[in-house]
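Q: sequence and predicted structure below; questions after.
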Amino acid sequence: MRFPLAFTLPWLALSAGALLAPTFVASARAEPASLPAPAPTYAIASDLAYHTQPPDGYAAERCRLDVYHPVGVSGFSTVVWFHGGGLTDGAKEIPEHLRNAGIAVVAVNYRLTPRAATNDCLADAAAAIAWTLEHIEQYGGDPRRVFLSGHSAGAYLALMVAMDSRWLAPYHRSGSDLAGVFALSGQTLTHMAARRARGIGAKQPVVDELAPLFHVRGDLPAILLVTGDRELELNGRYEENALLWRLLKLNGHPRVILHELDGFDHGGVLPGAGGWGCPARGRGGVGGAAGGGVGGGGLRRVLVVGRPAWRGLVRP
């Protein structure tokens with residue numbers, strides 16, 4: 001079954017409630033027109049250490065984060081963003097599609113394999129999330145509205161820390177402290193870096209304690225899974241996300257949504273990087289048979305310019 005991208009459907013709740021329908025404010029009487037509030041300005045605090053006691057010299061060097069946040073306002077949502085790169089490459093950045101959206105973005109560097117183990121990557125991700133929950137209020141953010149997101153390996157880290165309670169437990173935190181997870185083309189099997197360390201090939205599936213699939217249950221925070229086209233994605237990435245979606249449903253999770261971006265490959269899942277709405281990424285249509293699709297140019301206008309998907313999921 002193909003899951004079309006349908007932005008007119010209710011989106012994920014921002015709190016621990018249920019699905020959030022599109023919000024329309026109706027007034028019983030006409031009100032005088034008012035000028036729109038000025039757009040907030042943004043500041044960035046760079047290269048903040050998030051381990052109180054770095055476990056090694058590599059962690060002291062690598063484990064830093066940036067906080068991009070609105071100035072002069074408070075109570076906004078925060079997205080903790082983990083970069084991709086197969087757990088072997090990449091660096092922190094503030095994604096273009098999350099800039100100027102009335103929210104904070106915490107961009108995280110973490111240790112990389114093979115110099116570090118997959119467990120080290122996960123420990124770093126958990127430490128960065130715990131740091132955000134503890135400190136984001138100092139920048140004006142609401143600690144009750146902290147979301148996790150990332151692309152590819154970054155999405156894997158977000159899912160694992162949200163789903164496997166071991167990682168946040170040392171900080172007396174859990175997945176219930178998170179408002180939701182937006183996983184863009186993440187691995188739900190045991191990550192290929194962990195398999196590679198054991199001599200297991202990238203196309204040989206493994207599901208163990210290092211797999212999000214191993215930790216399915218019904219009381220997790222809201223989860224949005226987005227993948228590219230099943231025929232263009234990496235090594236069955238759509239199918240493993242579809243399996244996670246189905247198993248979460250079977251375990252009573254009420255707030256999980258899966259979207260397949262028809263016509264886009266693995267890299268095309270990342271908005272604003274030649275991704276959504278870029279015809280060069282594939283067939284350029286989104287929606288599949290069920291929705292009739294949205295052409296590539298139209299999708300660029302909907303997602304990259306207006307960003308209603310992220311604005312609807314992460315309200316300022």
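A: It's in.

Q: check which element follows the helix or strand hosting Tyr238 along the chain.
A: Of the helices and strands defined by DSSP states H and E, Tyr238 is found in helix 237-250. The first helix or strand that comes after helix 237-250 along the chain, using DSSP H and E, is strand 256-261.

Q: neighbouring strands - and their directions - for that next one?
A: strand 222-228 (parallel) (DSSP bridges).

Q: what residues of the helix holding Tyr238 count as buried?
A: The neighbour-count check on helix 237-250 (16 or more other C-beta atoms under 10 Å) flags 237-238, 240-245, 247-248 as buried. Glycine gets a C-beta too; all of them are placed from N, C-alpha and C.

Q: the stretch 101-250 of the chain: helices as residue ranges?
A: 118-135, 153-163, 192-197, 237-250 (DSSP state H, counting those that start in this stretch).

Q: quick one: Ala155 from Leu244, how far?
A: Ala155 sits 11 Å away from Leu244, going by C-beta to C-beta, to the nearest Å.

Q: also Asp124?
A: 23 Å.

Q: shouldn't Thr132 be in contact with Ser77?
A: No. Between Thr132 and Ser77 there is no contact under C-beta atoms under 8 Å: 11.6 Å.

Q: measure stretch 102-110 end to end?
A: 26 Å (C-alpha to C-alpha, to the nearest Å).

Q: what residues of that stretch count as buried?
A: 103-110.

Q: distance from the chain centre to that stretch, please.
A: 11 Å (C-alpha atoms, centre = their mean, to the nearest Å).

Q: show me where pLDDT drops low in the chain?
A: The chain contains residues with pLDDT under 70 at 1-37, 272-316.

Q: report how many residues lie close to Phe182.
A: Per other C-beta atoms under 10 Å, the neighbour tally for Phe182 reads 25.

Q: which ones are touching it?
A: Going by C-beta atoms under 8 Å, 6 or more residues apart in numbering, Phe182 touches 79, 147-149, 158, 224, 226, 313.

Q: Asp208 now?
A: 190, 214.

Q: cool, and Asp124?
A: 50-51, 59, 62-63, 108, 110-111.

Q: which parts of the chain are strands?
A: 41-49, 64-71, 76-82, 104-108, 141-151, 180-184, 222-228, 256-261 (DSSP state E).

Q: pipe these into a markdown table and attach distance to Lys92 per row.
A: Output for the strands of the chain, formatted as a markdown table (distance: least, C-beta to C-beta, whole Å):
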| stretch | distance to Lys92 |
| --- | --- |
| strand 41-49 | 9 |
| strand 64-71 | 6 |
| strand 76-82 | 8 |
| strand 104-108 | 4 |
| strand 141-151 | 11 |
| strand 180-184 | 16 |
| strand 222-228 | 21 |
| strand 256-261 | 25 |
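
Q: out of the ones you listed, which gets nearest to Leu168?
A: strand 141-151 (11.0 Å; C-beta to C-beta).

Q: I'd like to know how far the closest residue in space to Ala128 that isn't next to it in sequence sits from Val80.
A: Using C-beta to C-beta, 6 or more residues apart in numbering and skipping residues adjacent in sequence, the residue nearest Ala128 is Val108, 4.4 Å away. Using C-beta to C-beta, we find Val108 at a distance of 7 Å from Val80.

Q: what sits in contact with each of these two?
A: Ala128.

Q: how far away from the center of its chain is stretch 129-146?
A: That offset, for stretch 129-146, works out to 16 Å (C-alpha atoms, centre = their mean).

Q: buried residues, that stretch. List them.
A: For stretch 129-146, using 16+ other C-beta under 10 Å, the buried residues are 129-133, 135-136, 139-142, 145-146.

Q: good, wrapping up.
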